[in-house]
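S.K.: Based on what follows, work out the 3D shape:
(chains A and B)
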Amino acid sequence: MMALDLHPEDLLDKEEEGSLTAQEAGHLAAHVAQCVTCRVERAARADFRKIVTAAARAPLPSLAGDADISVTSKKTAGGPISRVDDLSEGGGRRSVRPSVRPSMSTSLRRRSTTTAVLLAAAALFLLAGGAAAALSKGVRARVAALFAPMPSAPTEVVHTGASPALPPATVGVPTVSSPTVGSATVDAPTVSSPTVGSPSIDATTVAAPMVAAPAGGARTVASSNVGLPTREPRGPAEAAVARAKDPAPPAASASTEENTSEAQAETAPSIAMRFAAANEARKRGDRVGAVALYRSLQNDAPAAPEAQVSRVSLGRLLLEDDPTGALGAFDDYLARGSGRLDEEALAGRALALQKLGRSGDEARAWSTLLATHPDTPHRDRARARLEVLAPR
Amino acid sequence: MNANGPLSTNLAVHQGARPVETDLQGERCLSPGLELARAAAEGDVQATAKLLRAVGPTVAGVVRAILGSHPDVDDVVQQSLIALVQALPSFRGECEPAGYAGRIAARTAVAARKRSRVQAARTTAVDDEAFPPGSSPTPEGATAGARRMELIRELLGQIPEEQAECLALRVVLGWTLEEVAETTGVPVNTVRSRVRLAKEALRRRIEADPRFAELEESA
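M.R.: Have a look, this model is predicted:
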């Protein structure tokens, strides 16, 4: 095995902990100078540290209420009262590093599946996520009972601030907060705590009924517009603004539906394969091949959902060398009805216009993006460009 | 590693001996975090709420770090918290709840990443790599850091789950080999082997994709 195949993981750990000796630092530096993998890993660690640290300090926007419940508990043996609201050890990525503590009682293992599910349901309510909507009426009622006013507990509990405001009686279906809900059902994996010298008891795997699979079964499509838009294509920016105001998909005409059904019924497997082949070409770096495949797909099956999605992929590929072509691809996508990639297409459109030096159109494009997708990850770029393009 | 050093407790736990802290009265006592976790596991709803609030941001950070611009980030965060609540009865307190939650979040996010990759291969959805928000396709918008993270994320979806979990815990969370071994319940050498295999896959990925060639210069 080549020396470069052996990575000094222990030295990397020591570097992470700040406990490298001078000699060890020299050894690590010598290895890293020759090993691109370790160089990338070290840099990536720093990249992720920023994200995890920043996110760990930011409050979850979906948590219900801002109550700060300080729970003081007396040990049964009359020990000191301790605060239990300092789980995170000061925040930051270091807060998620494990540190060994005495083990908990084995009596914890006597937890029924029912209670585990109820606790999970409680978690859903606390997070006010759309997943709770999928709970059965019976489970919702039981969770509501859990949050009913409780008698005073033997352990002293001091509440500072408002209690979590959850309706004890009525349990309504929370609104779905995430704009990205729409993918297939995702199952919660089983996670078990490692056991030593005793049989492991795995947590029950519960398929989280969090997101209902879209109608249409196994063939998930990114675009919601499985039926075809039949209205005349209009200006892409106008179409995007109209969709933002009225997100209901347009009704498909009979003839267009027939064409769509026919195209899908006869060539669906080949369309999917061609789309996959085009994606593979793009991933391989075969830009010319990918462009040709995307265009061929759009030419042969313009109404297919794969073709619609491929317009954004094509636009992205063309952005550098053929911004005119890219603009056409993004406009084509936007003109054909609403879809999951509206935001990307609008951003891509603005970038293409920037490349083409069409300042006025570019400014309008960024404005449209911000108006229709105010939380877009492209907002900083959009605002920066609008500032640059603002008339003096 | 010095067996008598600070990690000896880890090794002792792994070998079956359970370190115990006692108060002045000789009573076993747990850290505040473990007490809260125990109360939550026993059905204390307020303790559950408190626990979730405390570890929620950490869980969200880990999931977002691993999934990046994945559209299911919010759902995966919720899944992770549900998985944490469900796993509490079998939590042995080998680490603080925040660390345990971090591991669950990493594992859940890696699994979501793999499912997303499988779905993208079989369905008509555009890969999330196709047009990831925040990483513009234009040179001036795409930073080396964003590309490095995306490289790691893609790799997590491609390699076997055990390797992905170890790689995620080390690169995303910055855990040492011993910490990964302790929390995942496998020997350190097993973790070392999984990490080595994962990094071999990383090296092949870097060498095979011209996009990542420039990461060498910026690393």
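
S.K.: SS state for the nearest residue to residue B:39 once chain neighbours are set aside?
M.R.: When the adjacent residues along the chain are set aside, residue B:39 lies closest to residue B:47, with 3.6 Å between them (CB to CB, 6 or more residues apart in numbering or on different chains). No exception for glycine: its C-beta is placed from N, CA and C like everyone else's. Secondary structure, DSSP: H, G, I helix; E, B strand; the rest coil: residue B:47 is helix.

S.K.: Which pLDDT value goes with residue B:47?
M.R.: Note for residue B:47: predicted pLDDT of 90.

S.K.: wouldn't it be in contact with residue B:36 here?
M.R.: Yes. Judged on CB atoms under 8 Å, residue B:47 makes contact with residue B:36 at a distance of 5.4 Å.

S.K.: Low-confidence ranges, chain B, go.
M.R.: B:1-29, B:117-143, B:210-219 (pLDDT under 70).

S.K.: again, only using 80
M.R.: Where chain B drops to pLDDT under 80, the residues are B:1-30, B:69-71, B:92-95, B:116-144, B:209-219.

S.K.: All the helices of it, residue numbers only.
M.R.: Ranges of helices within chain B are B:8-14, B:32-41, B:45-67, B:73-87, B:97-122, B:144-158, B:161-167, B:177-184, B:188-208, B:215-218, based on DSSP state H.

S.K.: Tell me which of these lies nearest to residue A:20.
M.R.: Closest approach to residue A:20 among the helices of chain B is made by helix B:177-184 (15.3 Å; CB to CB).

S.K.: tell me which residues in the closest one are buried?
M.R.: Residues B:177-184 are the ones in helix B:177-184 that count as buried (16 or more other CB atoms under 10 Å in any protein chain shown).

S.K.: Could you export these as TSV, including distance to chain A?
M.R.: TSV is the format used below for those (distance: CB to the nearest CB, whole Å):
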residue	distance to chain A
B:177	6
B:178	8
B:179	5
B:180	9
B:181	9
B:182	6
B:183	5
B:184	6
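
S.K.: Tell me, how many residues neighbour whichever residue of chain B sits closest to chain A?
M.R.: Among the residues of chain B, residue B:185 lies closest to chain A, at 2.2 Å counting by CB to the nearest CB. Residues lying near residue B:185 (other CB atoms under 10 Å in any protein chain shown) number 16.

S.K.: again, but for residue A:50
M.R.: 13.

S.K.: quick one: contacts for it?
M.R.: By CB atoms under 8 Å, 6 or more residues apart in numbering or on different chains, no residues touch residue A:50.

S.K.: Over to it. Which of the three states is it?
M.R.: Three-state assignment for residue A:50 (three-state DSSP): helix.

S.K.: thinking again about what came up before, mind checking how far the residue nearest to residue B:39 is from residue B:162?
M.R.: Using CB to CB, to the nearest Å, residue B:47 is found at 32 Å from residue B:162.

S.K.: My guess is residue B:96 contacts residue B:32. True?
M.R.: No. Contact status for residue B:96 versus residue B:32: not in contact, 9.6 Å apart, counting by CB under 8 Å.

S.K.: which of the two has more neighbours?
M.R.: residue B:96 (25 against 20).

S.K.: Counting neighbours, what do you get for the residue lying closest to the more buried one once chain neighbours are set aside?
M.R.: Nearest residue to residue B:96, sequence neighbours excluded (CB to CB, 6+ apart): residue B:33, at 4.9 Å. Counted with other CB under 10 Å, residues neighbouring residue B:33 total 26.

S.K.: Might you report the residue contacts of residue B:161?
M.R.: B:110-111, B:114.

S.K.: who touches residue A:354 in this structure?
M.R.: Under the criterion of CB under 8 Å, 6+ apart, the neighbours of residue A:354 are A:362, A:385.

S.K.: secondary structure element for it?
M.R.: helix A:342-356 (DSSP states H and E).

S.K.: mind listing what's buried in that helix?
M.R.: Buried residues in helix A:342-356, counted by 16+ other CB under 10 Å: A:342-355.

S.K.: how about those in TSV, adding distance to residue A:20?
M.R.: Output for the buried residues of helix A:342-356, formatted as TSV (distance: CB to CB, whole Å):
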residue	distance to residue A:20
A:342	50
A:343	45
A:344	44
A:345	49
A:346	48
A:347	43
A:348	45
A:349	50
A:350	47
A:351	44
A:352	48
A:353	51
A:354	46
A:355	47
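
S.K.: Residue of the stretch 251-392 of chain A nearest chain B, please.
M.R.: For the stretch 251-392 of chain A, CB to the nearest CB, closest residue to chain B: residue A:377, 3.6 Å.

S.K.: That residue is in what secondary structure piece?
M.R.: Using DSSP H and E, no helix or strand contains residue A:377.

S.K.: Got the phi and psi for it?
M.R.: Phi and psi for residue A:377, reported as degrees, to the nearest 10, are phi -60, psi -10.

S.K.: count of residues packed around it?
M.R.: Using other CB under 10 Å, residue A:377 is surrounded by 16 other residues.

S.K.: Can you add distance to residue A:312 and give the buried residues of helix B:177-184 back as TSV?
M.R.: Listed next are those as TSV, based on distance: CB to CB, whole Å:
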residue	distance to residue A:312
B:177	42
B:178	45
B:179	41
B:180	38
B:181	43
B:182	45
B:183	40
B:184	39
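
S.K.: Sort out which one of those residues lies nearest residue B:82 for me.
M.R.: residue B:183 (19.3 Å).

S.K.: Residue A:329 contacts residue A:312, correct?
M.R.: Yes. Using CB under 8 Å, residue A:329 is in contact with residue A:312, at 7.3 Å.

S.K.: For residue B:63, the count of nearby residues, please.
M.R.: So residue B:63, with other CB under 10 Å, has 31 neighbours.

S.K.: Then residue B:196?
M.R.: 17.

S.K.: mind listing the helices for the stretch 251-392 of chain A?
M.R.: Along the stretch 251-392 of chain A, counting by DSSP state H, counting those that start in this stretch, helices occupy A:254-284, A:287-300, A:305-318, A:323-335, A:342-356, A:359-372, A:379-389.

S.K.: Any part of the fourth one near chain B?
M.R.: No. Contact of helix A:323-335 with chain B is not found when judged by CB under 8 Å from any CB of the partner chain; the minimum separation is 9.3 Å.

S.K.: got the angle between that helix and helix A:305-318?
M.R.: Interaxial angle of helix A:323-335 relative to helix A:305-318 (axes from the mean of the first three to the mean of the last three CA atoms, to 10 degrees): 150 degrees.

S.K.: What of the second one?
M.R.: For helix A:287-300 against helix A:305-318, the angle between stretch directions is 150 degrees (the same axes, to 10 degrees).

S.K.: Who are the packing partners of helix A:287-300?
M.R.: Packed against helix A:287-300 by the contact rule (3 or more CB pairs under 8 Å, 6 or more residues apart in numbering or on different chains; DSSP states H and E) you find helix A:254-284, helix A:305-318.

S.K.: So what touches it?
M.R.: Where contact means CB under 8 Å, 6+ apart, the residues beyond helix A:287-300 that reach it are A:267, A:271, A:274-275, A:277-279, A:281-282, A:304, A:306-307, A:310-311, A:313-314, A:317-318, A:332.

S.K.: and those, which are buried?
M.R.: A:271, A:274-275, A:278-279, A:281-282, A:304, A:306-307, A:310-311, A:313-314, A:317-318, A:332.

S.K.: okay, now residue A:380: neighbour count?
M.R.: Using other CB under 10 Å, residue A:380 has 10 neighbouring residues.

S.K.: what separates it from residue B:33, distance-wise?
M.R.: According to CB to CB, residue A:380 and residue B:33 sit 36 Å apart.

S.K.: Could you list the low-confidence segments of the stretch 1-150 of chain A?
M.R.: A:1-6, A:51-150.
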